[in-house]
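**Q** Pasting the sequence and the predicted coordinates here, then a few questions.
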Amino acid sequence: MADLTTLDASSTPRRIAAGELGATELCRAFLDRTAALDPSIGAFLRVDAEGALASARSIDARVARGDSLDGLPLAGVVVAVKDNLSTRGLRTTCASRMLAEYVPPYDAHAVERLRAAGAVILGKTNLDEFAMGSSTENSAFFPTRNPWDRARTPGGSSGGSAAAVAARFSQVALGSDTGGSVRQPAALSGVVGLKPTYGRVSRWGLVAFASSLDVVSPMGATVEDVALLYAAIAGADARDATCALRPVERADLSLGPEVLRGLRVGVPREYFGDGLDADVASRVRSALDAIERAGAQLVELSMPHTRASLATYYVLAPAEASSNLARFDGVRYGLRVEADDLRGMYGATRDQGFGAEVKLRILLGTFSLSAGYAEAFYGKAQRVRTLIARDFAEAFAKVDVLATPTSPTVAFPLGERSGDPLSMYLADVCTLPPSLAGVPAVSVPAGLGASGLPVGLQLVGPLFSEARLLAVAHGVESLLGRVGAPSWS
Ligand code: GLN
């Protein structure tokens, strides 16, 4: 085969089992490509060549012994992992100075599942510090560049994972999605990203940002690859009390666009208002037209609480973050900056360990939880969250899935929004409502805009409807075609 790095994840285990391809050979192809090209992208914070090759060799050894690879659905598949998922013995920094030297003593649940399925973990990808941001520019180390245009952001916070898949440094990648951090970078980088239902994937070992919203989420170049990764990581885990016990349904991707026939697709008008780029609007509109021509019924509807999502999220997520990040006090994990007394040590450690956006979130969160304000801010936001979830429940009484833009704009230039938190927060205006409602949502490429940059279509389904949502996404993907690979390399 010409270039091994173009191989999809889904056919990899079969080829390796058949002896057509060595896992080590495949792993080396990705390591070489990453070594040559990642310096101009910055997708990885750390490449674990030794660990990756060891996993690949153990797959090859099995094949050499004549052992079956059945039961290893990801045998030899090359995966990149966002650096807020704990990896045993491999530094996990959350792109923060606070955890710059932190080496976890255990694997996150999703990482355990990957290893048990035979995956080859190539390394840890860049993110906005503690997953707070939409451009990967809040990394304490360096920004990640978009392979479609290196002067632009790949989105965030899982920008390193999105760029790794788009640039073919890995076949698939894990990210985390709290308010859009997998879907938005997937859209801006021309790949597929699924945020499963809240509680569908264990959060064990995912460094907590906003615990009532955080979801470990798969990314890949195709819906089929994302479905493969999703099946490997989803399911019950007793170590996360919010992890759902119900069995995981397999997605049936055999129907292609036929799955769209008779499907009721809701188009909520609130997602098509002010602030939506003309480029994005026209790509999404033509995607919807194609879906309709394939036999789906488009149903225009209203979700009246959509406009409250941004304010609700930016009360709840910082409140939870301020509490979760209290553990970084110089005593147990990560950085410790000595001072004359205990309070001084806390202050110096947190001042030097956290970047500006993280400090901003801690201040916002502490304020909205403080005595005298908690009811007016945190309590009220909780109640509005219920109304937002109710909008989704009511919509799903009428339609099977919802279709919206994933991001109101295409990838924006690096630096353009870094000084303006509100414009950065607006990047997630379409992805926040499903996060607040806990429902699953996937971003699939809807082609390139007039700018030549990828546009994403977000499909949203009812709670625990991943199997059907992936089948619909697959139908849409086969209808719209893939965006292909960026041409920079
Ligand atoms: N961009 C959003 C934020 O900054 C969402 C981040 C995420 O999903 N982790 O909070």
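**A** Alright, I've got the coordinates.
**Q** what's the neighbour count on the closest residue to residue 40 other than its chain neighbours?
**A** Nearest non-adjacent residue to residue 40, counting by Cβ to Cβ, 6 or more residues apart in numbering: residue 150, 6.4 Å away. To be clear about C-beta, it is placed using only N, CA and C from the backbone, and glycine gets the same treatment. Per other Cβ atoms under 10 Å, the neighbour tally for residue 150 reads 16.
**Q** close enough to count as contact, residue 150 and residue 38?
**A** No: using Cβ atoms under 8 Å, residue 150 is not in contact with residue 38; the gap is 11.9 Å.
**Q** which outside residues touch stretch 281-288?
**A** 265, 267, 272, 298, 403-405, 446-450, 455, 457, 476, 480 (Cβ atoms under 8 Å, 6 or more residues apart in numbering).
**Q** and the closest residue to residue 178 other than its chain neighbours, which of the three is it?
**A** Distances taken as Cβ to Cβ, 6+ apart place residue 213 nearest to residue 178, at 4.6 Å, with adjacent residues excluded. Here residue 213 is recorded as coil under DSSP: H, G, I helix; E, B strand; the rest coil.
**Q** Can you give me the buried ones in the longest helix seen in the chain?
**A** Across the chain, the longest stretch assigned as helix under DSSP state H is helix 380-398. Neighbour counts over helix 380-398 (16 or more other Cβ atoms under 10 Å) mark 381, 384, 385, 388, 389, 391, 392, 395, 396 as buried.
**Q** neighbouring contacts of stretch 376-389?
**A** 305-306, 308-309, 311-312, 315-316, 319, 367-369, 433, 436-438.
**Q** what's the closest of those to residue 185?
**A** residue 433 (18.1 Å; Cβ to Cβ).
**Q** residue contacts, that closest one?
**A** By Cβ under 8 Å, 6+ apart, residue 433 lies in contact with 303, 305, 306, 309, 388, 391, 392.
**Q** Now for these: which two are most distant?
**A** 309 and 392 (11.2 Å).
**Q** Tell me the secondary structure at the residue of the chain positioned farthest from its centre.
**A** Computed with Cα atoms, centre = their mean, the maximum C-alpha offset from the centroid of the chain is found at residue 340, amounting to 41.7 Å. Under three-state DSSP, residue 340 falls in the coil class.
**Q** and the gap between it and residue 353?
**A** Distance, residue 340 to residue 353, using Cβ to Cβ, to the nearest Å: 18 Å.
**Q** One more: residue 316?
**A** Residue 316 sits 24 Å away from residue 353, taking Cβ to Cβ as the criterion.
**Q** do residue 141 as well
**A** Residue 141 is 14 Å from residue 353, by Cβ to Cβ.
**Q** Please apply the same query to residue 97.
**A** Taking Cβ to Cβ, one finds residue 97 at 5 Å from residue 353.
**Q** ok, the two, which is more surrounded?
**A** Taking neighbours as other Cβ under 10 Å, residue 97 and residue 353 compare with residue 353 leading, 24 against 17.
**Q** for the more buried one, what are its contacts?
**A** So residue 353 contacts 96, 97, 98, 328, 330, 334, 335, 337 (Cβ under 8 Å, 6+ apart).
**Q** can you redo those as CSV with pLDDT?
**A** Putting those into CSV (pLDDT from 0 to 100) gives the following:
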residue, pLDDT
96, 98
97, 98
98, 98
328, 97
330, 96
334, 92
335, 97
337, 98
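**Q** neighbour-wise, which of those leads?
**A** Comparing the contacts of residue 353 by number of neighbours (other Cβ under 10 Å), residue 96 comes first, having 28 neighbours.
**Q** how about the helix or strand bottoming out on mean pLDDT in the chain, does it reach the ligand?
**A** Across the helices and strands of the chain, mean pLDDT, DSSP states H and E gives its lowest value to helix 421-425, namely a mean of 89. No: judged by Cβ under 6 Å from any ligand atom, helix 421-425 stays clear of the ligand, getting no closer than 6.7 Å.
**Q** Downstream of that helix, the next helix or strand is which one?
**A** Using DSSP states H and E, the helix or strand that follows helix 421-425 towards the C-terminus is helix 432-437.
**Q** is any part of the helix or strand following that following helix close to the ligand?
**A** Using DSSP H and E, the next helix or strand after helix 432-437 towards the C-terminus is strand 441-448. No: Strand 441-448 lies out of reach of the ligand by Cβ under 6 Å from any ligand atom, never closer than 11.7 Å.
**Q** do stretch 86-101 as well
**A** No: Stretch 86-101 does not reach the ligand (Cβ under 6 Å from any ligand atom); its nearest approach is 11.0 Å.
**Q** what's the span of that stretch, first residue to last?
**A** From its first residue to its last, stretch 86-101 covers 13 Å (Cα to Cα, to the nearest Å).
**Q** one step back: before we move on, what's the pLDDT of the residue farthest from the centre of the chain?
**A** At residue 340, the pLDDT value in this model is 97.
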